[in-house]
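[1] this one's structure only:
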């Protein structure tokens, strides 16, 4: 007799899915064919599903519950927290990518966490510099060294009880962090090309793992580019920068903090209460959204 249970998709590859249930993991689930006849856009890691279990232990995904949120790149659903991982060195910090991850998180109402990895490679005091850039956002910042195991317990405490997504460019140490958090995972770890200063991809698809003490952590393929949320419009961008929201009012309602006079954000930059480079990257993202709007 078939059992019907609810679960969370941990990963999917080659038409097979692993689904986390209350009493364990169903290792080999298939997708019911009728789902493809409806408004089906695939089963993603993080999807809440209900499955039937046959007598032989095999599973069949019968339905997908509505998603609270979803990200297209990396493709994952129902995330509580995005962990934006940046390396101090090898590869050098890509703060534009981190800013885009934070924008995507805010727009989807997902809590952001900034993780600064490879603090053991900090020869130029870059850690304090990056903390200075983002401390006005109010986001939690965790400084770790996956290789040396420094402050891994501190990171774990910020992950417990949540579905967290590790995201960042290749080579920043996402798989190494998961190996430090979960030694039994034993994920493949890649190096960084000395010529290109880019990481080599080792994670090939999104996979969710269980953390000791509760919580789930998703490892994702690294990327050097990130598409902004499809429905994010230029006038919405200032609202997903929390430090902008804490500024005094600008002269004009709906100020884009670009070329308008008496802009409170510009004044905050002049007073060094908002980081000037982060504001310049904001304008770059704003222009990217404007260009996209013109194009489409």
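    Ah, there it is. Just so it is clear, the model here is predicted, and its values are computed rather than measured. Numbering: from 1, shown residues only.

[2] Show me what the lengthiest helix in the chain packs onto, helices and strands only.
    Taking DSSP state H as the criterion, the chain has its longest helix at helix 276-295. Contact analysis of helix 276-295 by 3 or more CB pairs under 8 Å, 6 or more residues apart in numbering; DSSP states H and E lists helix 95-107, helix 126-134, helix 264-270 as its packing neighbours. The C-beta positions use only the backbone N, C-alpha and C, and glycine is treated the same way.

[3] hmm, try it at 7 Å
    The elements that helix 276-295 packs onto, with contact taken as 3 or more CB pairs under 7 Å, 6 or more residues apart in numbering; DSSP states H and E, are helix 95-107, helix 264-270.

[4] Highest average neighbour count across the ones you listed: which stretch is it?
    helix 95-107 (a mean of 21; mean count of other CB atoms under 10 Å).

[5] ok, back up a step: dump the helices and strands packed on helix 276-295 to TSV, plus distance to residue 89 and mean pLDDT.
    Converted to TSV, those look like this (distance: least, CB to CB, whole Å; pLDDT from 0 to 100):
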stretch	distance to residue 89	mean pLDDT
helix 95-107	14	95
helix 264-270	27	97
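
[6] Let me have the ones you listed in CSV, adding distance to residue 238 as columns.
    What follows is the helices and strands packed on helix 276-295, written out as CSV (distance: least, CB to CB, whole Å):
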stretch, distance to residue 238
helix 95-107, 11
helix 264-270, 8
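
[7] which stretches of the protein aren't confidently modelled?
    1-2, 36-40, 186-204, 222-225, 296 (pLDDT under 70).

[8] in the longest strand belonging to it, what's buried?
    When the chain is parsed with DSSP state E, its longest strand is strand 3-13. Buried residues in strand 3-13, counted by 16 or more other CB atoms under 10 Å: 5, 7, 8, 9, 10, 11, 12.

[9] try stretch 278-296
    For stretch 278-296, by 16+ other CB under 10 Å, it's 278, 279, 281, 282, 285, 286, 289, 290.

[10] picking that back up, and which of the buried residues of strand 3-13 is nearest to residue 105?
    Nearest to residue 105 out of the buried residues of strand 3-13 is residue 8 (CB to CB; 20.1 Å).
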